[in-house]
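structural data only, the sequence is not supplied:
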């Protein structure tokens, strides 16, 4: 099965040597499932010819906001709707979660409650999972047909599903604790309040549920659909 990665951002230059760019984190996360991957760096204006260029699609995180007036965002929204209409499975992570919601009629805003950073607990389909978060923007109004699958008190729309073909998550199952520590060093200072950074650093030694969410993502891509 070929998964097209729609890359909407880049890792900080100081982290690429150790961890790779955003698109390389997902083949590692989903390793062992028999997927082939092709990256389309939409953030740099590189787009597929259409939804048929892959069997499934994954939209990465980004430092950009879905509401920013960037020239590639309307084109990405058109592609999201085309993928939706094609019936191919699509997964969105953080910015991907947000841009899918926006493209399908929802609203994304800079959240007045501030940032979520580091190891964070979510209620997913009735069970507790721990994932690394790195965001201030949130989906604040749901699109039609979106179902809330996961949330916490800070982020009510943290995991969404649309019919049987779209699944999205606000957190970052592709981010290891070490990667988040790198983000705190390279992008956090002066942007995220110091108290939040310190609290996040204090939580970073505990385990996460990245592997469980990776299994959910892989099963979602591979499941039989009518």
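That came through, no problem. Every value quoted in this text rests on a predicted model; they were computed, and no experiment measured them.

which residues sit against the helix or strand bottoming out on mean pLDDT in the chain?
Counting by mean pLDDT, DSSP states H and E, the weakest-scoring helix or strand in the chain turns out to be helix 194-203, with a mean of 84. Under the criterion Cβ atoms under 8 Å, 6 or more residues apart in numbering, residues 114, 115, 117, 118, 119, 180, 181, 184, 188, 189 lie in contact with helix 194-203. Heads up, the C-betas are built off the backbone N, CA and C, glycines and all.

those residues in strands, which ones?
Mapping the contacts of helix 194-203 onto strands (DSSP state E) picks out 117, 118, 119.

so what's the second one up against?
Taking Cβ under 8 Å, 6+ apart, we find residue 118 in contact with 132, 133, 134, 180, 184, 199, 200, 201, 203, 204.

picking up where we left off before, and the least confident helix or strand of the chain, what's buried?
Using 16 or more other Cβ atoms under 10 Å as the test for burial, helix 194-203 gives 196, 197, 200, 201, 203.

what do you get for stretch 34-51?
Using 16+ other Cβ under 10 Å as the test for burial, stretch 34-51 gives 35, 37, 39, 40, 41, 42, 43, 47, 48, 51.

relative to residue 7, which of those residues is nearest.
Taking Cβ to Cβ as the measure, residue 7 sits nearest to residue 41 out of the buried residues of stretch 34-51, at 4.6 Å.

separation between that closest one and residue 102?
As defined by Cβ to Cβ, to the nearest Å, residue 41 lies at a distance of 20 Å from residue 102.

repeat for residue 134
Going from residue 134 to residue 102 by Cβ to Cβ gives 19 Å.

swap in residue 90?
For residue 90, the distance to residue 102 equals 14 Å [Cβ to Cβ].

which one's more surrounded, those two?
residue 90 (27 against 21; other Cβ atoms under 10 Å).

look up phi and psi at the more buried one.
Torsion angles at residue 90 (phi, psi; degrees, to the nearest 10) stand at phi -140, psi 130.

so what's it closest to, chain neighbours aside?
By the measure of Cβ to Cβ, 6 or more residues apart in numbering, the closest residue to residue 90 outside its immediate chain neighbours is residue 57, 4.5 Å from it.

now the helix or strand harbouring the one you found: average pLDDT?
Per DSSP states H and E: residue 57 is located in strand 56-59. Averaging pLDDT along strand 56-59 gives 98.

buried stuff in the lengthiest helix in the chain?
Scanning the chain for the helix with the most residues, using DSSP state H, yields helix 72-86. The neighbour-count check on helix 72-86 (16+ other Cβ under 10 Å) flags 72, 73, 76, 77, 79, 80, 83, 84 as buried.

one more: stretch 98-111?
Here stretch 98-111 shows 98, 99, 100, 101, 102, 103, 104, 106, 108, 111 as buried, counting by 16+ other Cβ under 10 Å.

all helices for this structure, in order.
Going by DSSP H, the chain shows helices at 13-19, 22-29, 72-86, 95-103, 177-183, 194-203, 210-222.

worst average pLDDT in the ones you listed?
When the helices of the chain are ranked by mean pLDDT, helix 194-203 comes last with a mean of 84.

in contact with the residue most central in space within the chain, which residues?
Centroid-nearest residue in the chain: residue 93, 1.0 Å away (criterion: Cα atoms, centre = their mean). Neighbouring residues of residue 93 by Cβ under 8 Å, 6+ apart: 58, 59, 60, 61, 168, 169, 172, 173, 174.
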